[in-house]
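**Student:** Okay, structure incoming, though there's no sequence with it:
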């Protein structure tokens, strides 16, 4: 009898064991948490204070990733180098490319100077979490990935997934209404993280940094001229950063710098905060 009870308890524990799901960046964790609920444990490869462009995992992080059943890749730069190493470190882990349904934007240096941009190479913008449409697409692939590694919880994932997609759709509509009065307005940011947000809500992103490099003197002069024409009063910088180029440009414009969060595991707040910050800037920054 005791053996039977112990076996039953063991089988119950296995049935309710969480699967470990790894993601590249914090906004993906919001998706997995909402879709997976209590059935998943999430590991974010790059910590909140790390750059998704230049991140290098520490041994402790590699140890966490080695236990994952699934890795959901979203196309950020560090995946090009590290994803193969993550796979080698975790031979039982399955990799799913949840960004494959997203049409990527291309950034070009001096994108604020159309005559110069035409002959300059582009770079893929990987900040796809700033698009509700891209998050909706990723949600669909995330649902299928979780089912693939944990088919026993398919019903849970599909039900939670439907609710998550409904949340995304509602937020997209909410922000579209809030930003409608500012159609075609330009904003200025140091690191070009809001390109998808701008495209989705009819705004224009001007940026200072390209491929993690500061602009040359001539490029900065061209941007300063355009920013004055656009009556820019706020220069946005990533929270925790204080780049000299942004400060210099703000001084030349008689503008102020404002910090903005560009990565968070609270995706809904991240999007709402970005909208509120931009609306405030469009209204003079006060």
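**Tutor:** Sure thing, it's come through. In this text the structure is predicted, and so the values were computed from the model without any measurement.

**Student:** Just the helices from the stretch 51-200 of the chain, written as ranges.
**Tutor:** For the stretch 51-200 of the chain, helices defined by DSSP state H, counting those that start in this stretch occupy the ranges 59-65, 78-89, 114-117, 132-149, 154-179, 195-200.

**Student:** which of these has the lowest average pLDDT?
**Tutor:** Lowest mean pLDDT within these: helix 114-117, at a mean of 43.

**Student:** before we move on, back to that, of all the helices of the stretch 51-200 of the chain, which lies closest to residue 36?
**Tutor:** Residue 36 lies closest to helix 132-149 among those, at 5.7 Å (CB to CB). Every residue, glycine included, has its C-beta placed from N, CA and C.

**Student:** got the buried residues for that closest one?
**Tutor:** Residues 132-139, 141-143, 145-147, 149 are the ones in helix 132-149 that count as buried (16 or more other CB atoms under 10 Å).

**Student:** Same check on stretch 244-258?
**Tutor:** Those would be 245, 246, 249, 250, 252, 253, 255, 257, 258, for stretch 244-258 by 16+ other CB under 10 Å.

**Student:** Next, the contact list for the third one, please.
**Tutor:** For residue 249, the set of contacting residues under the criterion of CB atoms under 8 Å, 6 or more residues apart in numbering consists of 188, 208, 220, 223, 224, 227, 235, 255.

**Student:** Quick check: the last one touching residue 285?
**Tutor:** Yes: counting by CB atoms under 8 Å, residue 255 sits close enough to residue 285 to count as a contact (7.4 Å).

**Student:** Residue 176 against residue 183, yeah?
**Tutor:** No: using CB under 8 Å, residue 176 is not in contact with residue 183; the gap is 10.3 Å.

**Student:** ok, those two, which is more surrounded?
**Tutor:** residue 176 (14 against 10; other CB atoms under 10 Å).

**Student:** okay, now the closest residue to that one other than its chain neighbours: neighbour count?
**Tutor:** Using CB to CB, 6 or more residues apart in numbering and skipping the chain neighbours, the partner closest in space to residue 176 is residue 201 (6.2 Å). Residue 201: 22 surrounding residues under other CB under 10 Å.

**Student:** Any chance of the backbone angles for residue 201?
**Tutor:** phi -120, psi 20 (degrees, to the nearest 10).

**Student:** Contact partners for residue 242?
**Tutor:** Applying CB under 8 Å, 6+ apart, the residues contacting residue 242 are residue 257.

**Student:** Look up the residues forming beta bridges with the residue lying closest to residue 194 once chain neighbours are set aside.
**Tutor:** Distance criterion CB to CB, 6+ apart; nearest residue to residue 194, sequence neighbours excluded, is residue 205 at 5.3 Å. Bridge pairing for residue 205 (DSSP bridges) gives the partners residue 187.

**Student:** what about residue 128, distance to residue 239?
**Tutor:** Relative to residue 239, residue 128 is positioned 19 Å away (CB to CB, to the nearest Å).

**Student:** Looking at these two, which one has more neighbours?
**Tutor:** Shown here are residue 128 and residue 239; by other CB under 10 Å, residue 128 has more neighbours (26 against 13).

**Student:** how's the chain carved up into domains?
**Tutor:** 10-104+128-172, 182-282 (automatic domain parsing).

**Student:** Take those domains and lay them out in JSON lines including distance to residue 122.
**Tutor:** Shown next, in JSON lines, are the domains of the chain (distance: least, CB to CB, whole Å):
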{"stretch": "domain 10-104+128-172", "distance to residue 122": "10"}
{"stretch": "domain 182-282", "distance to residue 122": "10"}
